[in-house]
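> How does the following fold in three dimensions:
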Amino acid sequence: MRWLPLFISLALPFGTLAAKKPATPADTFNGFHTKALTATPVKLADTSYKKLTASPRDYSVAVLLTAMDSRFGCQLCHEFQPEWELLAKSWLRGDKKAESRIIFSTLDFSDGRDTFISLGLQTAPVLMFFPPTIGPHAVPGVEGPIRYDFTNGPLLAEQVHSWIARHMPDRPAPAVKRPVNYVAWAVGVVSTLGIAGALAKAGPYILPIVQNRNAWAAISLIGILMFTSGHMFNQIRKVPYVAGDGRGGISYFSSGFQNQLGMETQIIAFIYGLLSFAAIALIMKVPRVADVKKQQVWVLLWCGVLFLVYSFLLSIFRIKNGGYPFSLPPFM
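Here you go, the predicted model:
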């Protein structure tokens with residue numbers, strides 16, 4: 001039996017060569033897909049990232065490179081991570097037979113520092129899609145990964161799903177299915193019932209106010225004055241309240257019809273309101289005065305208010321536009 005050790009020593013190198021047989025793309029996909037069935041997206045490190053994205057491959061890879069550690073302060077990483085996990089889990093549940101042949105994975109900076117350095121990445125998150133290089137789904141002319149643009153801020157899982165599906169036109173793309181938020185439903189139902197009950201109890205007191213014409217007229221007038229005086233312009237442009245006049249003083253009006261100040265809007269709204277009130281008083285109140293002499297006095301008073309306030313309004317128009325040709329005394 002002395003020949004047995006010699007035979008084993010001669011056969012050992014051949015067994016070692018057989019054990020080191022390189023894994024095929026199908027073996028790589030099956031291995032990572034098995035991991036995905038346990039926990040998806042698959043968590044990667046430097047070595048597993050290289051193995052998963054190595055060429056040749058007959059499958060697709062979607063990799064999110066992120067930095068979740070609080071030291072890096074990546075707010076966008078924390079906001080997008082739940083959406084990424086929802087997308088990966090929804091895709092896996094909808095593609096149980098792995099017909100789309102895609103692996104969703106995540107590589108955190110703490111586990112893949114060398115990969116971040118090799119890719120020259122200085123920001124996170126970064127989403128990359130690796131299309132197949134061989135097989136029926138191979139994309140000709142595409143050698144490197146396709147990178148997603150995060151410049152528009154946080155994204156929803158549905159947006160990323162559409163982006164990935166565009167790069168896989170000939171394969172199934174299961175839709176994103178969000179879990180039912182039972183707490184939100186319960187809160188909504190209870191809130192609706194509570195509001196309905198409160199309205200039913202307070203209805204006899206609220207209904208006269210809702211049906212009051214004067215109340216609706218006042219609300220409408222306030223809304224008209226706010227919007228005609230430029231309130232929405234201020235909200236959109238975030239204009240300053242006042243500005244300096246260049247001589248150490250304060251300017252309440254900004255020249256030009258494309259500029260205005262917050263104080264200017266309030267002044268214009270007050271002027272419009274005063275003009276409206278004077279016109280309403282002449283139409284509604286003055287005719288009800290029984291004494292003829294008092295009625296004449298009120299007519300002259302409100303006409304004087306209209307004249308003076310309108311004269312001041314025209315002077316403001318000339319501040320806004322020096323070429324405005326109209327004016328009235330005393331504000332000439």
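
> Check whether residue 42 really touches residue 106, as I assumed.
Yes: taking Cβ atoms under 8 Å as the definition, residue 42 is a contact partner of residue 106 at 7.3 Å. For every residue, glycine as well, the C-beta is placed using N, CA and C.

> can you pull the buried residues of stretch 223-237?
225, 229, 230, 231, 234 (16 or more other Cβ atoms under 10 Å).

> Tabulate those residues (a markdown table), appending pLDDT.
Shown next, in a markdown table, are these (pLDDT from 0 to 100):
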| residue | pLDDT |
| --- | --- |
| 225 | 83 |
| 229 | 83 |
| 230 | 83 |
| 231 | 83 |
| 234 | 82 |
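
> of the residues you listed, closest to residue 58?
Using Cβ to Cβ, residue 234 is the member of the buried residues of stretch 223-237 that lies nearest residue 58, at 59.2 Å.

> Wasn't that closest one part of a helix?
Yes: assessed by DSSP: H, G, I helix; E, B strand; the rest coil, residue 234 belongs to a helix.

> quick one: the strands in this protein?
All strands of the chain, identified by DSSP state E, fall at 42-43, 60-66, 102-108, 126-130, 146-147, 243-244, 250-251.

> Can you list the helices and strands that the third one packs against?
Under the contact definition 3 or more Cβ pairs under 8 Å, 6 or more residues apart in numbering; DSSP states H and E, strand 102-108 sits against helix 25-38, strand 42-43, helix 46-53, strand 60-66, helix 75-94.

> Now residue 324: phi and psi?
phi -70, psi 120 (degrees, to the nearest 10).

> Please report the distance of it from residue 264.
Computed as Cβ to Cβ, to the nearest Å, the residue 324 to residue 264 distance reads 16 Å.

> Out of the strands of the chain, flag the one nearest residue 84.
Of all those, strand 60-66 comes closest under Cβ to Cβ, at 5.3 Å.

> Indicate each strand paired with that closest one and its parallel or antiparallel sense.
Partners of strand 60-66 in the sheet, by DSSP bridges, are strand 102-108 (parallel), strand 126-130 (antiparallel).

> Run through who's touching the longest one.
For strand 102-108, the external contacting residues (Cβ atoms under 8 Å, 6 or more residues apart in numbering) are 29, 32-33, 36, 40-45, 49, 52, 59-69, 84, 87-88, 91-92, 115, 164, 168, 171.

> same check, this time on stretch 213-226
209, 269, 272, 273, 276.

> Try it again at 10 Å.
208-210, 212, 231-232, 265, 268-273, 276-277, 280 (Cβ atoms under 10 Å, 6 or more residues apart in numbering).

> any idea how far that stretch is from the chain center?
Distance, stretch centre to chain centre, for stretch 213-226: 33 Å (Cα atoms, centre = their mean, to the nearest Å).

> how near is the residue nearest to residue 252 when sequence neighbours are not counted to residue 309?
Leaving aside its sequence neighbours, residue 252 sits nearest to residue 263 (Cβ to Cβ, 6 or more residues apart in numbering; 4.8 Å). For residue 263, the distance to residue 309 (Cβ to Cβ) stands at 18 Å.

> do the same with residue 129
65 Å.

> ok, back up a step: for the buried residues of stretch 223-237, please prepare a markdown table with the additional fields distance to residue 155.
Converted to a markdown table, these look like this (distance: Cβ to Cβ, whole Å):
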| residue | distance to residue 155 |
| --- | --- |
| 225 | 41 |
| 229 | 39 |
| 230 | 35 |
| 231 | 33 |
| 234 | 31 |
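
> on that earlier part again, burial measure for the residue nearest to residue 252, as a count.
18 (other Cβ atoms under 10 Å).

> Surely it touches residue 230?
No: the criterion here is Cβ atoms under 10 Å, and residue 263 misses it with residue 230 at 11.5 Å.

> overlap in contacts of the two?
residue 239.

> Output the below-cut-off pLDDT ranges for the stretch 101-250 of the chain.
Under the criterion pLDDT under 70, the flagged ranges of the stretch 101-250 of the chain are 143, 152-154.

> 80 instead, please
139-144, 149, 151-155, 245-246, 248 (pLDDT under 80).

> Helices of that one, start to end?
113-119, 157-166, 182-210, 213-228, 231-237 (DSSP state H, counting those that start in this stretch).

> Which one of those helices lies nearest to residue 145?
That would be helix 113-119 among the helices of the stretch 101-250 of the chain, by Cβ to Cβ, at 9.2 Å.

> Could you check how far that closest one is from the centre of its chain?
30 Å.

> got the contact list for it?
44-47, 49-50, 53, 63, 65, 67, 107-109, 112, 121-122, 124, 126, 128, 145, 147.

> about what we covered before: what do residue 42 and residue 106 both touch?
Joint contacts of residue 42 and residue 106 (Cβ under 10 Å, 6+ apart) are 63, 88.

> What sits closest to residue 275 if chain neighbours are left out?
residue 309 (5.6 Å).

> From what I see, that neighbour and residue 270 are in contact.
Yes: Residue 309 lies in contact with residue 270 (Cβ under 10 Å); the separation is 9.5 Å.
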